[in-house]
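1. Let me see the structure of the following:
(chains A, B and C)
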Amino acid sequence: MRIPFYAVSLLTLSILLTPIIMPLLISFSVSETITFPPQGFTLRWFGNIFNYESFAKGFIASSSIAFTASFLAIALSLPASYVLYRHKTLRLKGLIESLFTLPMLMPEIVLSYMLLLFAYRAMGVISALSLIIGHVLVVMPFGMRVIYASLSNLGGDIEDAAVSLGRDRLRAFMDVVLPNIKQGFVGGSLTCFMVSFNAVSISLFLSFGDSMPLPIAMLNYLQIRYDPTIAALSALLVAFTVALSFAVERTVGLVSQVR
Amino acid sequence: MKKKAIFFIALVAVAASLGYWFYLSTLPQPPKTLYLSHWGFGWDDIKKIVIDPFEKQYNAKITLIAGTTSERFAKLSTKAEPIPDLVFLPDYYTVQAAEKGLLMKLDLTKISNYKKLYKALVDQIPPSLSNYGVPFTIQDMGLAYRSDKHPKITSWKDMWRDDFKGKILLPTITATSGPMALAMTSLAYGGTMSNVEPGFKNLETLKGSVVTFYSRSSDPQTLFERGEVEIGVVLRYNWAPLQKLAKPVEIIYPTEGSMYVLNMISILEGSKNAELGYKLIDFWLSTDIQKGEALAGVDAPVNSEVALATDHPFNIAPVFKKPIYLDPIILAKDLSGWVDTWKKRIET
Amino acid sequence: MGRYLEEAYRNLRPYLLAAPSLFFVIIFLIAPIFYMMAYTPDFVSTFVQTVYNQEFVSVYLRTIRVGATVAMLATVLAYPLAYYVGRSSPVLKSFFKTMVFLPLMVNPLVRSYGWIIILGREGLLNSMLAGLQVVAEPVRILYTEWAMELGLLELFFPFMFIPLLSAMENMSEEVLMAARSLGAGPLRIFMNIILPLTLKGYVVGLSVILAGCAAAFVTPSLLGGFRNRTLSMLLYEYIDVRLNWGAAAATAIIIMLTVFSVNLLLTYGVKIGVKAK
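-> The predicted structure is shown next:
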């Protein structure tokens, strides 16, 4: 039984992990083009990242977008998850639930296009606002899921206890529920941040000029050049997201949040 | 409770300031900033040779909006922010932009270097177009091939040779060289630019051998370097990078002729910086700048006063031996039909 | 009177709480769908023109082909792996759970870039094949459907693996031993024990993969190229390259319908299947 196990594991792990490791290996290569196996050793591509303005700007843009979108998404998810959790017998519950799962079913690229149309025709101009709205929509289901799980773990009793002890609903919520789901709160925000930071398709039609998110800046770079700078940047991004996801693991155990 | 409140307020403050910074960065810049919509290809050199000197001389700031031709054209059509002041397009896209009313009618007297351009090129430009764009370089088409792996090629039809099976690079129809490749095939096999059926027919027999249809400017260099292709249709802007590759690549004009289009600079209708725009166009066409760009291998000069060595790769005299100008008016008209047919028959 | 209002308020409160989020989704997700359809001039005829078209059909078939292949590859890998891992130590389980999600945390550009280095004519795979002397000349893998499928497999594998893993974890060792002692061969065990228990999880994974492949854009376009367009690549083309927004709307609708119907079909299929047992 061991041999088939090793075989399948090896095959699967190589399919999953090799593509992630590759850019890291190539990023040290001396040659100006992407060849395998990499030759030589140099750090110049890492330095080159900072020569290209769009990458630094893109990182800041992606971070602000992710931050703002996560903030809004969590703000919207909190009441929504709360309602879905506490009022399990609500009429229209099925409808509400489906509405909130809808963004997950919607392909990012379709969403990007529809918001483009909406923004361009209905609002007359495309701007940062539509980009952020798009990211909120993409990220919200993740936030909701994490917070909902957090609320489930908490259970409703503690809140009811507070109410029966004389607090009104709002104070009960703020003093009792919020502190206890802090983990889910933070974990949810970090998850949203990561999803937004990595999201590419949603920004395809909604980004513009100076302030484009980092993945779009990378795509543009690939249009005109093909040197290992992209590999170096990719390696840094991998490190960044891995660090972020460790943070998520610490606060909320990412894996248990996905069914 | 107090600590929480402070934390919460701090969080909101950070979010708000980030958001506000982001919003600010998307506002239009103060005047004396020119937004250029350009491919971005070779921008490092362009910045050194053209942009930095111009910015210094005219105390201006130039911001690049990069992208492929079709992406930028799409953004022009939807008036996506930020709206550029100047746009760099292949001539047959300039035609389409002019038809949509996006471009300002140019006063050519404001461009003193216009008269220095090659008459042979300028005379070919249809009159209706010449008021909406000024050519700044020529994009002529050639065939690149691995000279170490294949015997010499001379004709466009050599692409159909057996030794190139499975190793061909063609552009997609929406790249600048796409329609050119179609038209050239058509001419090589007895068709005309209006009747491209021979072009389609013969490309259909070739398509199984095509590795991929490229759309990115950097694709030809990348794919030749990685050994994925050994013959391909390339434009002038690919020449310098291709010649720098470790693998030996030779570029020829086929005997059927040197097909070319002109890349043009236009000013957008409603630009608030038109005067500065005119100055940049004139600057871009000046002899010194055109020569600088040619020596750096970025853009071939259209200014006839630029003197280059006869064997310099960017001396465009060879083009004039058998030049074939792809009429941009016809091309603009037929393009969408060509695209539809191409997608059905060639690229499915 | 006051009590009546208070009562009403308490009944309405959940709706009020959920309202802002609901409005957000309705205004920015639902409304644009209808807006897109209403705004396109002559929507019905544009739709028909776009869809009843050889190009569209072949792109659609390719999309389905790719999705099905990825699903099949995922099944072949995930089932045995879930079986083995499900009965291993918690440390190993935790290890695999983390590893399997790693690709998701990485930007699709980075992943595709890695695949390009692996699958290129002079890339890792071809170097290995040549070194092992399996092939005389480098094989063209990049810019084919296989390349896309590998890239998508990497992305969607966890969605098949994790549900199967949970199911396998819950499968009791005793039942398996009993079956074996009764003489059932591996195939019987699979069909009668493993399959029914894991069916629900499998179907969830299947629907995520099929829907995801229809919707994916970055990975297929970087690994497949223009020769191998999928639905989402076609959508991109109509919008950014061919500027045919009517056709784009039609394509978007088709993508959404496909994703929704895959989900619906599989959800109800499972419900019916479970009832039938």
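2. CA atoms for contacts and neighbours, from now on please.
-> Noted.
3. Tell me the residues of chain B that contact chain C?
-> Neighbours of chain C within chain B, by Cα under 8 Å from any Cα of the partner chain: B:70-71, B:74, B:172, B:174, B:211-214, B:226-228, B:336, B:339, B:343-344, B:347-348.
4. Also near chain A: which of these, exactly?
-> B:Arg226.
5. Sort out which residues of stretch A:170-180 are buried, please.
-> Going by neighbour count (16 or more other Cα atoms under 10 Å in any protein chain shown), the buried part of stretch A:170-180 is A:172-173, A:176-177, A:180.
6. which residues are in contact with it?
-> A:154, A:158-159, A:162-163 (Cα atoms under 8 Å, 6 or more residues apart in numbering or on different chains).
7. Kindly recompute the last result at 7 Å.
-> A:159, A:162-163 (Cα atoms under 7 Å, 6 or more residues apart in numbering or on different chains).
8. By neighbour count, which of the residues you listed wins?
-> Using other Cα atoms under 10 Å in any protein chain shown as the neighbour criterion, A:Glu159 leads those with 20 neighbours.
9. Doesn't it belong to a helix?
-> Yes: counting by DSSP: H, G, I helix; E, B strand; the rest coil, A:Glu159 is part of a helix.
10. ok, the contacts of stretch A:170-180 vs chain B, which is closest?
-> A:Ala162 (16.7 Å; Cα to the nearest Cα).
11. Determine the three-state secondary structure at the closest one.
-> The assignment at A:Ala162 comes out as helix when based on three-state DSSP.
12. Need the per-residue pLDDT for it.
-> A:Ala162 is assigned 73 on the pLDDT scale.
13. if I pick residue 105, what's in contact with it?
-> Let's take chain A. So A:Leu105 contacts nothing (Cα under 7 Å, 6+ apart).
14. wrong one, chain C
-> So C:Met105 contacts A:Thr241 (Cα under 7 Å, 6+ apart).
15. and if you look at B:Ala175?
-> Here B:Ala175 is in contact with B:Ser215 (Cα under 7 Å, 6+ apart).
16. Quickly note the distance from it to B:Ser215.
-> Distance of B:Ala175 to B:Ser215, computed by Cα to Cα, to the nearest Å: 5 Å.
17. A:Ala231 now?
-> 21 Å.
18. Over to A:Asn198?
-> For A:Asn198, the distance to B:Ser215 - Cα to Cα - is 24 Å.
19. What of C:Glu169?
-> Taking Cα to Cα, one finds C:Glu169 at 48 Å from B:Ser215.
20. Could you do B:Trp39 as well?
-> 12 Å.
21. ditto for A:Leu76
-> 41 Å.
22. give me the beta-bridge partners of B:Gln139?
-> B:Val261 (DSSP bridges).
23. in stretch A:4-16, what's buried?
-> Buried-residue list, stretch A:4-16, by 16+ other Cα under 10 Å: A:5, A:8-9, A:12, A:15-16.
24. Name the helix or strand for C:Thr75, please.
-> Element membership for C:Thr75, per DSSP states H and E: helix C:54-86.
25. typo on my end, B:Asn263
-> Per DSSP H and E: strand B:258-267 holds B:Asn263.
26. So what touches the next helix-or-strand element following the helix holding C:Thr75?
-> Following helix C:54-86 in sequence order, the next helix or strand is helix C:90-101 (DSSP H and E). For helix C:90-101, the external contacting residues (Cα under 7 Å, 6+ apart) are A:16, C:85-86, C:158.
27. so B:Phe41 makes contact with A:Ile224?
-> Yes: B:Phe41 is within contact range of A:Ile224, at 5.1 Å (criterion: Cα atoms under 7 Å).
28. What parts of chain B come near chain A?
-> B:15, B:18-19, B:23, B:26, B:40-41, B:65, B:67, B:78, B:80-82, B:216-218, B:222, B:226 (Cα under 7 Å from any Cα of the partner chain).
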